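Peer 1: Using only what follows, build the 3D model:
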Amino acid sequence: MTVTEAERLFRIGEVARGAGVSVRAVRYYEQQGLLVAERSPSGQRLYRQDAIPLVRFFQQMFAAGLTSRRITELLPCWDSGHTDAEQRAMLRAERDRIQAKVDDLQAVLNRLDEVIAITDTHP
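Peer 2: As a prediction, this is how the structure comes out:
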């Protein structure tokens, strides 16, 4: 029996490389209950193919300031594409919080552009 690409399991190093993170980060996500690994007969962690985009998603959410607990709450939305009213409210609240951060960063970027424009006129 051959294993198709969709059925192939990935070792932890492959997941880490594919997602652009450290092996330690992948282990952390597993410890937090965000990622599930199967075990090979020799005890190696093996992950499904969807582990790579999931790890990328975790990285993005952590970078946006979400906690592992909040990300755990988001996972059913990611998996099923469906939400209940409470989940939608949480998603909207997180989006609003992130938008406020984006707005603040945009204001900082605009100020830096002003400073650059001023300094460009002086040698």
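Peer 1: and the helix or strand of the chain with the lowest mean pLDDT, what other elements does it pack with?
Peer 2: Counting by mean pLDDT, DSSP states H and E, the weakest-scoring helix or strand in the chain turns out to be helix 68-80, with a mean of 83. Secondary structure elements in contact with helix 68-80, counted by 3 or more C-beta pairs under 8 Å, 6 or more residues apart in numbering; DSSP states H and E, are helix 51-63, helix 85-120. Glycine gets a C-beta too; all of them are placed from N, C-alpha and C.
Peer 1: Quick check: buried residues in that helix?
Peer 2: For helix 68-80, the neighbour count (16 or more other C-beta atoms under 10 Å) marks S68, I71, E73, L74 as buried.
Peer 1: who touches that helix?
Peer 2: Contact with helix 68-80 is made by 29, 32-34, 54, 57-58, 61-62, 66, 83, 87, 90-91, 94, as judged by C-beta atoms under 8 Å, 6 or more residues apart in numbering.
Peer 1: change it to 6 Å
Peer 2: Defining contact as C-beta atoms under 6 Å, 6 or more residues apart in numbering, one finds that helix 68-80 is touched by Q32, M61, T83, Q87.
Peer 1: Now the buried members of the residues you listed.
Peer 2: Neighbour counting over these (16+ other C-beta under 10 Å) leaves M61 as the buried ones.
Peer 1: want to throw the contacts of helix 68-80 into CSV with distance to A107 and pLDDT?
Peer 2: Putting the contacts of helix 68-80 into CSV (distance: C-beta to C-beta, whole Å; pLDDT from 0 to 100) gives the following:
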residue, distance to A107, pLDDT
Q32, 33, 90
M61, 23, 91
T83, 31, 82
Q87, 31, 83
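Peer 1: And the contacts of helix 68-80, which two are furthest apart?
Peer 2: The widest separation within the contacts of helix 68-80, taken as C-beta to C-beta, falls between Q32 and T83 and amounts to 21.3 Å.
Peer 1: on that earlier part again, report the backbone C-alpha coordinates of the least confident helix or strand of the chain in CSV.
Peer 2: Output in CSV follows, covering the C-alpha atoms of helix 68-80 (Å, rounded to 0.1, in the frame of the first residue of the first chain):
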residue,chain,number,x,y,z
SER,A,68,-2.9,30.2,23.6
ARG,A,69,-6.3,30.0,25.4
ARG,A,70,-7.9,32.4,22.9
ILE,A,71,-6.4,30.5,20.0
THR,A,72,-7.8,27.3,21.4
GLU,A,73,-11.2,29.0,21.4
LEU,A,74,-10.6,29.9,17.7
LEU,A,75,-9.7,26.4,16.6
PRO,A,76,-13.3,25.1,16.2
CYS,A,77,-14.0,28.1,13.9
TRP,A,78,-10.9,27.2,11.9
ASP,A,79,-11.7,23.5,11.7
SER,A,80,-15.4,23.8,10.9
